[in-house]
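Chemist: coords below, sequence missing:
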């Protein structure tokens, strides 16, 4: 077999493998992730991050509950919760234990249509690059997406807010008792 034939066989094999890989839209654990441009800011207000949605088995055993022998929390697709790419302690310069955002509320705003929703942080987005994403349940994502779940990925910003007096409070899990 000459070198040209070998090269063609190799290329056809690689193309076949790449085309056989399924592509899932809307689930950060299967998305091709991009780097977010970090600003010089050290505040927790995040602009221009990747917003996706997650469901199914990814909603089970939320990371904030799975530590310190707390009972597991399994969210439903209708829960108003989120998974952050990183659990921050304080600001961007202090990563700490990594669980500083557990049980805190964040306001997520779609930068395209300016729709917002407030969700409680209960999980870590395992498929997101650090500091570059937020995963929402299907109901929360749908509330701010222009084309619903078909949109798959949103350009969003999020910032910490108070959890008090929010109309979705009955959609959040109860806080654990330590």
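Modeler: Noted; the coordinates are in hand. Note that this is a predicted model, so its numbers are computed, not measured. Numbers count the residues shown, from 1 in each chain.
Chemist: which helix or strand lies directly C-terminal to the lowest-mean-pLDDT helix or strand in the chain?
Modeler: When each helix and strand of the chain is scored by mean pLDDT, DSSP states H and E, helix 3-20 comes last, with a mean of 52. Under the assignment DSSP states H and E, the closest C-terminal helix or strand after helix 3-20 is strand 46-53.
Chemist: so which residues of this structure form strands?
Modeler: For the chain, strands defined by DSSP state E occupy the ranges 46-53, 81-84, 105-110, 116-124, 133-136, 154-161.
Chemist: any idea of the angle the last one forms with strand 105-110?
Modeler: Angle, strand 154-161 to strand 105-110, by axes from the mean of the first three to the mean of the last three C-alpha atoms, to 10 degrees: 150 degrees.
Chemist: just the buried residues of strand 154-161, please?
Modeler: Within strand 154-161, the residues that count as buried by 16 or more other C-beta atoms under 10 Å are 154, 156-158, 160. All C-beta atoms are positioned from the backbone trio N, CA, C, and that covers glycine.
Chemist: and these, which is closest to residue 119?
Modeler: Distances from residue 119 to those, taken as C-beta to C-beta, are shortest for residue 158 (8.7 Å).
Chemist: check that closest one and give its pLDDT.
Modeler: Reading off the per-residue confidence, residue 158 sits at a pLDDT of 90.
Chemist: cool, and the one 5 residues further on?
Modeler: According to the model's per-residue confidence, residue 163 sits at a pLDDT of 82.
Chemist: also residue 90?
Modeler: Reading off the confidence values, residue 90 has pLDDT 45.
Chemist: for residue 108, same thing?
Modeler: The predicted local confidence for residue 108 comes out at a pLDDT of 94.
Chemist: hey, what's it bridged with?
Modeler: When assigned by DSSP bridges, residue 108 has beta-bridge partners residue 117, residue 158.
Chemist: what's the burial count for residue 142?
Modeler: Other residues within reach of residue 142, judged by other C-beta atoms under 10 Å, total 17.
Chemist: quick check: it vs residue 73, distance?
Modeler: 21 Å (C-beta to C-beta, to the nearest Å).
Chemist: contacting residues around residue 75?
Modeler: Residues in contact with residue 75, defined by C-beta atoms under 8 Å, 6 or more residues apart in numbering, are 59-60, 62, 81, 122-123, 137, 173.
Chemist: ignore what I typed, I meant residue 144.
Modeler: Going by C-beta under 8 Å, 6+ apart, the list of residues near residue 144 reads 51, 108-110, 113, 115-117, 136, 154, 156.
Chemist: and the pLDDT at residue 170?
Modeler: Residue 170 is assigned a predicted lDDT (pLDDT) of 58.
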